[in-house]
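Student: Build the 3D model from these lines:
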Amino acid sequence: MSRAGTRALAVLGSTAAAVAGWVVIGPIAGADLVVEGNNGRTITVGVGAVIFLSVLAGLVAWALLALLERFTSRARPIWVALAAVGLLLSFAPLTGSEASTGTRVGLGLLHVLVAAILVPVMWRSGAPRARQLTGPTTGPRAYDARDEPEKAS
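Tutor: Below you'll find the model as predicted:
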């Protein structure tokens, strides 16, 4: 499968997993998934929001990895570090809003679920780091005393 195909499947798979998680957390387990924002507005996290934000996260992850691959040979490790920071930052709205503990935990698990699919699949689809070849044909040889000219006595 092509790199683009693999990444598209990662976005779709993480979105499908988030929707399945939402179904389990919300309708099946009974969590209300209602968050009160800082402005006092109440937001119910529905399946539409889960789909939209999961697809958005996947496309941003894809674009960032593609951009890094274009400009650095260390794209994958840099991308994974940025993905980890992004996941940690995604928890910030959960701490700054009024919601039940079950809602916070459930929404946090959805974030982890999306990342658990996106990160390894995107990692595997990334261009491997270019190996630096060294050795007798590509770089300087190690010092060998036999290469020295003989000294006249």
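Student: Please, where are all the strands along this structure?
Tutor: When secondary structure is read from DSSP state E, the chain shows strands at 34-36, 42-44.
Student: Output the below-cut-off pLDDT ranges for the protein.
Tutor: Low-confidence segments of the chain, defined by pLDDT under 70: 127, 129-153.
Student: one more time with 90
Tutor: Residues of the chain meeting the criterion pLDDT under 90: 1-3, 26-27, 29-44, 73, 92-104, 125-153.
Student: where exactly do the helices run in it?
Tutor: Shown for the chain, the helices assigned by DSSP state H span residues 3-23, 47-71, 75-90, 92-95, 101-125.
Student: Would you mind telling me which of those is nearest Glu36?
Tutor: Judged by CB to CB, the one of these that comes nearest to Glu36 is helix 101-125, at 10.1 Å. C-beta coordinates here come from the backbone N, C-alpha and C atoms, glycine included.
Student: Same list (the strands of the chain) but as TSV, adding mean neighbour count and distance to Thr101.
Tutor: Putting the strands of the chain into TSV (neighbours: other CB atoms under 10 Å; distance: least, CB to CB, whole Å) gives the following:
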stretch	mean neighbour count	distance to Thr101
strand 34-36	15	12
strand 42-44	11	17
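Student: Nearest to Leu56, out of those strands?
Tutor: For Leu56, the closest of those is strand 42-44, at 16.4 Å, according to CB to CB.
Student: could you say what helices and strands the closest one packs with?
Tutor: Contacting strand 42-44 under the criterion 3 or more CB pairs under 8 Å, 6 or more residues apart in numbering; DSSP states H and E are the following elements: strand 34-36.
Student: now for the strand it packs on, which elements pack on it?
Tutor: Under the contact definition 3+ CB pairs under 8 Å, 6+ apart, strand 34-36 sits against strand 42-44, helix 101-125.
Student: Can you convert these into JSON lines and add a column each for distance to Ile28?
Tutor: Output for these, formatted as JSON lines (distance: least, CB to CB, whole Å):
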{"stretch": "strand 42-44", "distance to Ile28": "17"}
{"stretch": "helix 101-125", "distance to Ile28": "11"}
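Student: just these: most buried one?
Tutor: With neighbours defined as mean count of other CB atoms under 10 Å, these peak in mean count at helix 101-125, which reaches a mean of 18.
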